[in-house]
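> Provided below are the primary sequence and the corresponding predicted coordinates.
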Amino acid sequence: MSRTPIEHPVIAIAGLGIESSTFSPARTEAPAFHPQRDAEVLTRYPFLADGKPLRAAADWRGALVGKSLPGGMATAAAFEELSADLLARLAAMPHLDGLWYDIHGAMTVEGIDDAEALLLRRIRDVIGPDVMVSTSMDLHGNVSRELAHRSDLITCYRMAPHEDHMETKERAARNLVRLLHSGADRPIKAWVPVPVLLAGEQTSTRIEPAKSVYAAVSEVEAADGVTDAAIWVGYAWADEPRNRAAVVVTGPDENAVAAGAERLARGFWAARRDFDFVAPTGTYDECLDAALASDARPYFVSDTGDNPTAGGAGDVTWGLTELLARPEFGDGGPTVIYASVPGPAAVAAAVEAGVGATVTVTAGAEVDDRHAGPLTMTGVVHAIRHGDRDAETEVVLRVGSVYAILTKLRKPYHHEHDFTDLSLAPREAAIVIVKIGYLEPELYAMAADWKMALTPGGVDQDLVRLGHRRIRRPMFPFDPDMADPDLTARIIPASTEPLSGADE
């Protein structure tokens, strides 16, 4: 039965987002989510600015949206604090027609499995069963049967790196508005869990086979009877039963969404052995040797194991320790930039000494000391910068020919200005080492050559050696010779109906 068209629906926006590595000893507290509330929420989305067509198409109400840098699992207290605030704001709103649930999909909370589905269940208890919910996610999120069930529309990014992140959010909001304007009934959802769990660096859409696998998404979406199609790679560095790849196709035609979901799931499964790292890989020493032997400048090396944008603690000192032990990088050696290691006391000492001073400081390994201990360095303070949103305070310490960035709090380095703001010239450096996996677009464009170092840390790229215990088995690549799985589409009931069937 069709619903009554709503000319100017009231739509709330809410969500919490983080990638949480369960293999990192770090914990994430509530302030790390930088929560925005009420009208401030709308400022996150350029397509909801005053004068934009989508802004005028509905009465948008911000509840609470908080997004953290990836890191360790969220504490139970942080989740309860933020959830309670979000739910109270929703409860205070007038009758809602829709809710846009803006999440990441890989949030692990102490003592809780499938935190996003739990939060959406609580949201449903507040807003009622008749409100249409559109969920937008990162493709490195996880889609359990319950999350798909409690959402009416659900989608994710189609690019890795996520150059389409804002386009995806706009699509989720626009599809919700169209659904409410049309008065159409709740879409049908076809969900297929795919027993594959791979790192993002192995599934970049820049290269094959992910490029072709994801190209099929828009083809399925264009079919009659389909509203949206999505493939989730899943999040590799958490150990929960929901962690795996998944496909969801939504639309008004059950046959069309089922056929589309099965096509995408079969394509992903068929390509599983062809996925490979987005760049040449090697040990750390092999990557440094290659950089030194190359004429390509700047030569980028990804220190992948402690990538803070994948869930690493960010303060593993192993990479910088090994770098400073190399004799090639003493005084007069090739210029190397290393980003970064947190060390609040080291930063404070450098700030007190001032630019140009020689200091001896100790940094790192306050959170993750499993691979190397705190690192003591003597060097010249090259730069100091205050006021960064993530790091708060940054300093650059020159040790021999290495310019090591130290931070008060952990920070990812993805943009050229992250370096130039610190009086560093990455384009003129011989080697730039960044705690990252695949290079973000600006760094990728800047790199004359590039290798990924398979280094230790909470987001180790060697998934099999990490020690997953709770994922559903069999799972590729943990069980490389497993039989072909059942990739038949599961039709998920509408969110107003009881959830049937196991979360296979």
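Right, received. Where do you want to start?

> my guess is residue 123 contacts residue 103, does it?
No - here residue 123 does not reach residue 103: they are 11.0 Å apart, not a contact under Cβ atoms under 8 Å. All C-beta atoms are positioned from the backbone trio N, CA, C, and that covers glycine.

> Low-confidence ranges, this protein, go.
1-2, 501-502 (pLDDT under 70).

> what ranges do the strands span in the stretch 151-300 of the chain?
Listed in chain order, the strands of the stretch 151-300 of the chain (DSSP state E, counting those that start in this stretch) span 153-156, 188-194, 228-232, 245-251, 281-282, 299-303.

> residue contacts, the closest residue to residue 36 other than its chain neighbours?
Leaving out its chain neighbours, the residue that sits closest to residue 36 by Cβ to Cβ, 6 or more residues apart in numbering is residue 65, at 5.5 Å. Contacts for residue 65 were tallied using Cβ atoms under 8 Å, 6 or more residues apart in numbering; they are 13, 14, 15, 16, 35, 36, 41, 44, 102.

> do that again at 7 Å, thanks
Listed by Cβ atoms under 7 Å, 6 or more residues apart in numbering, the contact set of residue 65 reads 13, 14, 15, 36, 41, 44, 102.

> now swap in residue 250 and tell me
Contacts for residue 250 (Cβ under 7 Å, 6+ apart) come out as 153, 154, 187, 188, 189, 227, 228, 257.

> now do residue 73
Neighbour list for residue 73: 20, 22, 27, 28, 108, 109, 110 [criterion: Cβ under 7 Å, 6+ apart].

> Could you identify which of the contacts of residue 250 has the most neighbours?
Among these, residue 154 has the most neighbours (other Cβ atoms under 10 Å), with 31 neighbours.

> In space, what's closest to the residue of the chain most remote from its centre - neighbours in sequence excluded?
Within the chain, the residue lying farthest from the chain centre (Cα atoms, centre = their mean) is residue 332, at 38.8 Å. The shortest distance from residue 332 to any non-neighbouring residue, by Cβ to Cβ, 6+ apart, is to residue 401 (6.8 Å).

> That neighbour: neighbour count?
Residues near residue 401, counting by other Cβ under 10 Å, number 17.

> Please name the residues that touch it.
Residues counted as contacts of residue 401 (Cβ under 7 Å, 6+ apart) are 329, 330, 331, 332, 333, 334, 335, 336.

> try residue 364
Contacts for residue 364 (Cβ under 7 Å, 6+ apart) come out as 315, 317, 341, 342, 343, 374, 375.

> As a markdown table, the residues you listed with secondary structure would be great.
Shown next, in a markdown table, are the contacts of residue 364 (DSSP: H, G, I helix; E, B strand; the rest coil):
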| residue | secondary structure |
| --- | --- |
| 315 | coil |
| 317 | coil |
| 341 | strand |
| 342 | strand |
| 343 | coil |
| 374 | coil |
| 375 | strand |
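
> What is the nearest of these to residue 147?
Residue 147 has its nearest neighbour among the contacts of residue 364 in residue 315, at 31.9 Å by Cβ to Cβ.

> Relative to residue 57, which of the strands of the stretch 151-300 of the chain is closest?
Distance to residue 57, taken as Cβ to Cβ, is lowest for strand 153-156 among the strands of the stretch 151-300 of the chain, at 15.6 Å.

> related to what we said a few turns ago, compare the contacts of residue 65 and tell me which is most surrounded.
Highest neighbour count within the contacts of residue 65: residue 14, with 27 neighbours (other Cβ under 10 Å).

> wait, that residue sits on residue 101?
Yes - the pair residue 14 and residue 101 qualifies as a contact (Cβ atoms under 7 Å) at a distance of 6.4 Å.

> Next, find the distance separating residue 433 from residue 360.
According to Cβ to Cβ, to the nearest Å, residue 433 stands 22 Å off from residue 360.

> sorry, that was for residue 371
Here the criterion is Cβ to Cβ. By it, residue 371 lies 23 Å from residue 360.

> which ones are touching residue 442?
Applying Cβ under 7 Å, 6+ apart to residue 442 gives the contacts 414, 415, 416.

> Could you confirm it falls within a helix?
Yes - applying three-state DSSP, one finds residue 442 inside a helix.

> Use 317 as the first number from now on
Understood, numbering begins at 317; the last thing we discussed is residue 758.

> Please, where are all the helices along the chain?
Listed in chain order, the helices of the chain (DSSP state H) span 369-372, 392-407, 431-443, 461-466, 481-498, 526-537, 570-586, 600-609, 634-640, 660-669, 732-736, 757-762, 779-782.

> Tell me which of the ones you listed is the most buried.
helix 461-466 (a mean of 24; mean count of other Cβ atoms under 10 Å).
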